[in-house]
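Participant: any chance you can model this:
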Amino acid sequence: MLIFLYGEDDYSSRQKLNEIIDKYKAKHQTGLNFRLIDFREKDVGSLKEATATISMFKEKKLLVLENTFAKSLEWQKELANYLKKSGFEKDGEIALVFYEGKTPDKRVELFKFLTKKPNFSQEAKFFGGVKLENWIKKEVEKKKGKIELAAIKKLAVFAGSDLWQMANEIDKLVSFAGARSIKPEDVESLVKAKIDANIFKTVDALPQKDKRNILKLLHQHLEQGKNEIYLLTMFIRQFRNLLIIKDLLEKGTSYYELPKKTGLHPFVIKKTWEQTKSFSLENLKRIYSKLLEVDLAIKKGKIEPAAALDIFVMSI
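Facilitator: Okay, the predicted model is just below:
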């Protein structure tokens, strides 16, 4: 049997892998026929040796193979040829699980072979919307917690599609809330306070009007699993903070009075104060107004979120 788990959402694919390993160990408790082979350190010879070894026990073999696509194309081709000749896809006594924490090049021969039936293959993609909200609800319940619908929606926006981060945030929220339900205010105070430094980096690039670099940074966020609505929310929040602080500074407020007057986290104050030096108050008002226009257009369904972000950047 050949199983191929891959995709950008390595949290989900890793969970699936652990599920397969746990089921195997529950059935075959000696563990003598389970092997993990990392191809960054091993070669095809290790796989051949592991499959050829005769066991003292009548147990199926489970071999987990990681980082297969980190090797050269020539090496991958050699492995594909070996797998084709060996007929493992029809072997009921040996299960080979290929695990990749990303999406490999789908054009290469090895990828095409592993995703061809009767092999089982599963791509774990980042997801959002209702699917993400349902996942959050189930994850909270799995950890014996409760959460309000409004808190689910807020958490989906703040944490995005990165399920590793989401799982960590849920652990924190469940522990904080205890027996009561997690509320939107909990998400505001515990999750929103976690600053994404890359958002500051992107905002820093705006005054230089280096559109190519800004678009590159934006798409890096998207590749990391942050959805467009999350990014827009972060931009709106940061430019609102910039406007508030810039306005207070121009009215004579000192730096040391800002935490008390704004209620913002000291780290946010420091970074935002530094950024106000690159913007005039009028420029901040124009950018913030543009962001609100984009947000409204998305909510009315007039434009796709990804396109809206690109248009916003090009208009700066």
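Participant: need the strands for the stretch 1-150 of the chain, in chain order.
Facilitator: Assigned by DSSP state E, counting those that start in this stretch, the strands in the stretch 1-150 of the chain fall at 2-6, 34-38, 61-66, 94-99, 120-123, 146-147.
Participant: switch those over to a markdown table; also include mean neighbour count and distance to E133.
Facilitator: In this view, the C-beta of every residue, glycine as well, is placed from N, C-alpha and C. Listed next are these as a markdown table, based on neighbours: other C-beta atoms under 10 Å; distance: least, C-beta to C-beta, whole Å:
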| stretch | mean neighbour count | distance to E133 |
| --- | --- | --- |
| strand 2-6 | 23 | 24 |
| strand 34-38 | 16 | 35 |
| strand 61-66 | 20 | 31 |
| strand 94-99 | 21 | 28 |
| strand 120-123 | 15 | 21 |
| strand 146-147 | 19 | 10 |
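Participant: take the ones you listed and lay them out in JSON lines including mean pLDDT and distance to I244.
Facilitator: Formatted as JSON lines, the strands of the stretch 1-150 of the chain follow (pLDDT from 0 to 100; distance: least, C-beta to C-beta, whole Å):
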{"stretch": "strand 2-6", "mean pLDDT": "94", "distance to I244": "45"}
{"stretch": "strand 34-38", "mean pLDDT": "88", "distance to I244": "50"}
{"stretch": "strand 61-66", "mean pLDDT": "91", "distance to I244": "48"}
{"stretch": "strand 94-99", "mean pLDDT": "92", "distance to I244": "47"}
{"stretch": "strand 120-123", "mean pLDDT": "92", "distance to I244": "43"}
{"stretch": "strand 146-147", "mean pLDDT": "96", "distance to I244": "30"}
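Participant: between those strands, which gets nearest to V140?
Facilitator: Nearest to V140, of all the strands of the stretch 1-150 of the chain, is strand 146-147, at 4.6 Å by C-beta to C-beta.
Participant: average pLDDT for the host helix or strand of L291?
Facilitator: Taking DSSP states H and E as the definition, one finds L291 inside helix 281-299. The average pLDDT within helix 281-299 is 86.
Participant: what is the burial count for the nearest residue to G101 once chain neighbours are set aside?
Facilitator: The spatial neighbour of G101 that comes closest, neighbours along the chain excluded (C-beta to C-beta, 6 or more residues apart in numbering), is D10 at 3.7 Å. Residue crowding around D10 was assessed by other C-beta atoms under 10 Å; the count is 19.
Participant: separation between D10 and W164?
Facilitator: D10 sits 8 Å away from W164, going by C-beta to C-beta, to the nearest Å.
Participant: now swap in V191 and tell me
Facilitator: For V191, the distance to W164 - C-beta to C-beta - is 14 Å.
Participant: between the two, which one's more packed in?
Facilitator: More crowded of V191 and W164, by other C-beta under 10 Å: V191, with 21 against 13.
Participant: which residues sit in contact with the more buried one?
Facilitator: V191 is in contact with K154, L155, F158, A159, E169, K172, L173, counting by C-beta atoms under 8 Å, 6 or more residues apart in numbering.
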